[in-house]
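Participant: pasting the structure only:
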């Protein structure tokens, strides 16, 4: 890969995840402060990510893979996304905001697959080359959080009271427009499938991989993946509002510690996986969710603020040890024929079905523990997902007994 192509792909990844991190992290705080949304309304808004994940395979599989170059579709989706972001910026009521965010997520979620497709198309050895490109995405997410907290101060007490968090949508929209235009300069990535080839919906959705569920242990893993996404949804929906509400300074900037830890712990996955196997690795990931939420429940923004920072820093263990090791396990069980469809099925189960349930549960729990004067019982709001994660951990520990070891090639970032 020449230096020009490497620069373009790195910039694409940086901007792609900058856009997502620029508004999604502070979304819960914005909805509560600016639009006065209830917990259930907030859960419905966050669930648009899940609807986007469910619909994304149709856009990529039925359009991108058959009719148009991936980089052109990427450009069009981000330009339309910029318009929707501007409408979200102008919205003053959650009922007006919801249709725009739903439309946006239906268009944005497919771009996550498209940026990967554009990248892989330029690589001779993706196993070695992709991580050095993908890391720029994580850096983009971190950069967005740092700008919001330490440069613009939109998430400060004064900023949130003044309603400045709406500016995150304007910033994301401007960058979305920039990436949309930039996408047309990216290396050409033509369709992979002939437009004349018969469309098989089961292939598009990865339903062929359902055959893997005949394996008892894979079925247990599959079900556990859905249920562990319930506590995951609590983090996306409530972490930023929680940190802002209890008075932590620069909450969005501090939450980027989670992305930094994600990069660090990714390096430990190959070693841990080979030494202890899949079951122990994924159990550590599950337990980390319970520990993280316990830290949130009993920490505070004063003398126990270290507990909150530690909880944020556990994101690398929570995400990498469960989701990344789960992808590796799925890959090892699928075999050559079902590798792609199996990954698609797990994504549909987790970011689609699992988090759809999770956001609904998180919304109802938030409403249940919000007093008439608006004061939130954050301790209970975090204890409940901690308990859910602990139950999933115990059940998985007791019933999963696959002793085979999935092979993993160490990857550096």
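Facilitator: Alright, I've got the coordinates. Values in this document were obtained by computation on a predicted structure and should not be read as measured data.
Participant: helix or strand right after the host helix or strand of residue 360?
Facilitator: Using DSSP states H and E, residue 360 maps to helix 355-368. Remark: after helix 355-368, the chain's next helix or strand is helix 378-399, criterion DSSP H and E.
Participant: model confidence over that next one, on average?
Facilitator: Helix 378-399 carries an average pLDDT of 96.
Participant: Does anything pack onto that helix? Which helices or strands?
Facilitator: With contacts taken as 3 or more CB pairs under 8 Å, 6 or more residues apart in numbering; DSSP states H and E, helix 378-399 sits against helix 216-245, helix 269-298, helix 355-368. Every residue, glycine included, has its C-beta placed from N, CA and C.
Participant: one more time with 6 Å
Facilitator: Counting contacts by 3 or more CB pairs under 6 Å, 6 or more residues apart in numbering; DSSP states H and E, helix 378-399 packs against helix 216-245, helix 269-298.
Participant: coming back round to it: so for the helix holding residue 360, what gets flagged as buried?
Facilitator: Neighbour counts over helix 355-368 (16 or more other CB atoms under 10 Å) mark 355, 356, 357, 358, 359, 360, 361, 362, 363, 365, 366 as buried.
Participant: which residues touch the last one?
Facilitator: Contacts of residue 366 were listed using CB atoms under 6 Å, 6 or more residues apart in numbering, and they are residue 39.
Participant: what do you get for residue 122?
Facilitator: By CB under 6 Å, 6+ apart, the contact set of residue 122 is 1, 5, 187.
Participant: For the residues you listed, give me CSV that also has distance to residue 290, neighbour count and secondary structure.
Facilitator: Converted to CSV, the contacts of residue 122 look like this (distance: CB to CB, whole Å; neighbours: other CB atoms under 10 Å; DSSP: H, G, I helix; E, B strand; the rest coil):
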residue, distance to residue 290, neighbour count, secondary structure
1, 42, 15, coil
5, 44, 15, helix
187, 44, 17, coil
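Participant: Which single one of the residues you listed is nearest to residue 218?
Facilitator: Closest to residue 218 out of these is residue 1 (35.5 Å), distances taken as CB to CB.
Participant: Run through the stretch 51-200 of the chain and note the low-pLDDT ranges.
Facilitator: Applying pLDDT under 70 to the stretch 51-200 of the chain flags the ranges 60-66, 127, 192-200.
Participant: Tell me where it has helices.
Facilitator: Counting by DSSP state H, counting those that start in this stretch, the stretch 51-200 of the chain has helices at residues 70-90, 94-120, 126-146, 157-161, 167-183.
Participant: out of those, which comes closest to residue 311?
Facilitator: helix 126-146 (16.2 Å).
Participant: who touches that closest one?
Facilitator: Residues from elsewhere that reach helix 126-146 (CB under 6 Å, 6+ apart): 9-10, 13-14, 17-18, 21-22, 119-120, 123, 252-253, 256, 259, 263, 411, 413.
Participant: Please report how far residue 305 lies from residue 296.
Facilitator: For residue 305, the distance to residue 296 (CB to CB, to the nearest Å) stands at 12 Å.
Participant: More neighbours: which of those two?
Facilitator: Between residue 305 and residue 296, residue 296 has the larger neighbour count (other CB atoms under 10 Å), namely 28 against 17.
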